[in-house]
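*Asks:* here are the coordinates; sequence isn't available:
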């Protein structure tokens, strides 16, 4: 597994890259609350999208063993649905241990 890059606090990120921090803050809070979405897909579907966006016909070296992305979260609201129109989604606050 590759080594993780160092993680910085939001305050440090703001100090290092105030332009990105402000753009990110505007996007997260554009509706008044900190709002972000993460969707999951089968690896094959994610790989197909990755290749299509980059106009690749074959995976780059190391692609099969590397992770597509990684999040470092302390907590998040995890919502599970059975699909579009689910009137009873299940909400759970997930916290890193």
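*Replies:* Looks like it arrived, so ask away. These numbers were taken from a predicted model, which means no experiment stands behind them. Numbers count the residues shown, from 1 in each chain.

*Asks:* Could you tell me the end-to-end distance of stretch 59-78?
*Replies:* Here the two ends of stretch 59-78 are set 31 Å apart, with distance taken as CA to CA, to the nearest Å.

*Asks:* Stretch 86-97 too?
*Replies:* Start to finish, the residues bounding stretch 86-97 are 30 Å apart (CA to CA).

*Asks:* Report pLDDT for the residue nearest to residue 91 when sequence neighbours are not counted.
*Replies:* The shortest distance from residue 91 to any non-neighbouring residue, by CB to CB, 6 or more residues apart in numbering, is to residue 79 (5.3 Å). Any C-beta I mention is one placed from the backbone N, CA and C, and that applies to glycine too. What the model reports for residue 79 is a pLDDT of 85.

*Asks:* Would you map the helices across the protein?
*Replies:* 10-16, 18-28, 43-54 (DSSP state H).

*Asks:* right, so of those, which gets closest to residue 61?
*Replies:* Among the helices of the chain, helix 43-54 comes nearest to residue 61, with 14.0 Å by CB to CB.

*Asks:* still on that earlier bit, mind listing what the residue nearest to residue 91 touches?
*Replies:* For residue 79, the contacting residues are 89-92, by CB atoms under 8 Å, 6 or more residues apart in numbering.
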